[in-house]
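here are the coordinates; sequence isn't available:
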């Protein structure tokens with residue numbers, strides 16, 4: 001069954017258990033208390049969890065798809081990878097999916113995988129672990145098409161177990177959770193917790209929100225949209241990177257939401273593209289009018305993001 005499935009199907013099906021394992025590694029590092037933090041710059045950190053989770057993800061993907069293009073946040077490592085970190089299982093629900101015709105015969109050379117092994121590292125080092133996600137996005141050509149988001153510290157209300165892995169493929173749908181619409185009659189916006197400036201604040205003020213949720217991690221912010229806790233994610237800054245947004249964008253679009261830059265254009269995830277999202281990020285929950293948010297952002301703010 002697995003070998004007869006389309007390449008994109010097999011890639012997403014493989015990524016689901018890989019991201020889940022990476023999340024376990026993130027929790028294991030925290031439980032040992034050996035974070036081994038490296039300061040990469042202003043509010044930019046790397047920990048043993050970032051490095052180990054990345055080794056798990058890249059080694060596992062390379063094992064099954066040795067010629068695939070992978071771009072990741074952290075530098076590549078030549079360290080030996082423990083055998084139990086190399087995951088070759090596939091998610092059966094994803095394997096049984098039917099893809100749209102234009103995705104059935106995607107060529108390996110047209111795929112690029114964008115990996116953020118631990119999105120929300122600053123919050124992780126501060127113990128705000130609910131902000132943390134593992135992100136693996138899959139681009140076909142320029143577009144973010146598939147994504148897997150794992151939340152290592154999501155507690156399952158039924159079993160008490162830790163971790164939730166969701167996936168999305170544009171034109172197919174999502175799995176691993178049930179999307180919830182945000183509350184009506186108010187406007188809740190989520191934005192950066194640690195990378196704010198006057199431009200970010202001006203964009204928020206222009207939207208006149210009833211409530212602002214300042215949290216860490218692009219993955220966490222998009223999950224707030226999907227879980228019905230916010231209507232929009234607004235970040236009028238060039239501070240995020242392609243590995244922050246590829247997976248969240250794919251999952252959000254798969255369920256009917258939208259993620260663009262502050263000008264309303266979708267980002268390109270071609271492997272030759274520059275990594276920074278220089279034109280900011282605007283994401284809206286399913287059912288929200290993305291165009292309304294775009295028209296409310298003042299032109300002078302947009303012109304700062306070019």
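Nice, I can see it. The structure presented is a predicted model; accordingly, all values stated were derived computationally and were not measured.

Averaging pLDDT per element, find the lowest-scoring helix or strand in this structure.
strand 38-41 (a mean of 54; mean pLDDT, DSSP states H and E).

does the residue lying closest to residue 85 once chain neighbours are set aside count as helix, strand or coil?
Spatial nearest neighbour of residue 85, chain neighbours left out: residue 56 (4.2 Å); criterion: C-beta to C-beta, 6 or more residues apart in numbering. C-beta: built from backbone N, CA, C; applies to glycine. Secondary structure state of residue 56, per DSSP: H, G, I helix; E, B strand; the rest coil, is helix.

doesn't residue 84 make contact with residue 56?
No: counting by C-beta atoms under 8 Å, residue 56 sits too far from residue 84 to count as a contact (9.3 Å).

More neighbours: those two, which one.
Counted by other C-beta atoms under 10 Å, residue 56 and residue 84 do not tie: residue 56 has more neighbours, with 26 against 9.

how near is that one to residue 65?
15 Å (C-beta to C-beta, to the nearest Å).

just residue 201 next, same as before
43 Å.

One more: residue 136?
From residue 136 to residue 65 the distance is 12 Å (C-beta to C-beta).

again with residue 141
Counting by C-beta to C-beta - residue 141 and residue 65 are separated by 17 Å.

and the two? which has more neighbours close in?
residue 65 (17 against 12).

in which helix or strand would I find the spatially closest residue to the more buried one that is not a sequence neighbour?
Excluding the flanking residues, the one nearest residue 65 by C-beta to C-beta, 6+ apart is residue 11, at 6.5 Å. Element membership for residue 11, per DSSP states H and E: helix 7-32.

thinking again about what came up before, give me every residue that touches the residue nearest to residue 85.
Counting by C-beta atoms under 8 Å, 6 or more residues apart in numbering, residue 56 touches 18, 21-22, 25, 81, 85-87, 117.

Of all pairs in these, which one is the farthest apart?
86 and 117 (14.9 Å; C-beta to C-beta).

Compare the two (neighbour count), which wins?
residue 117 (30 against 17).

the strands in the stretch 101-250 of the chain, which residues?
Taking DSSP state E, counting those that start in this stretch to define them, one finds strands in the stretch 101-250 of the chain at 111-119, 133-140, 143-155, 162-169, 173-175, 188-192, 211-215, 232-235.
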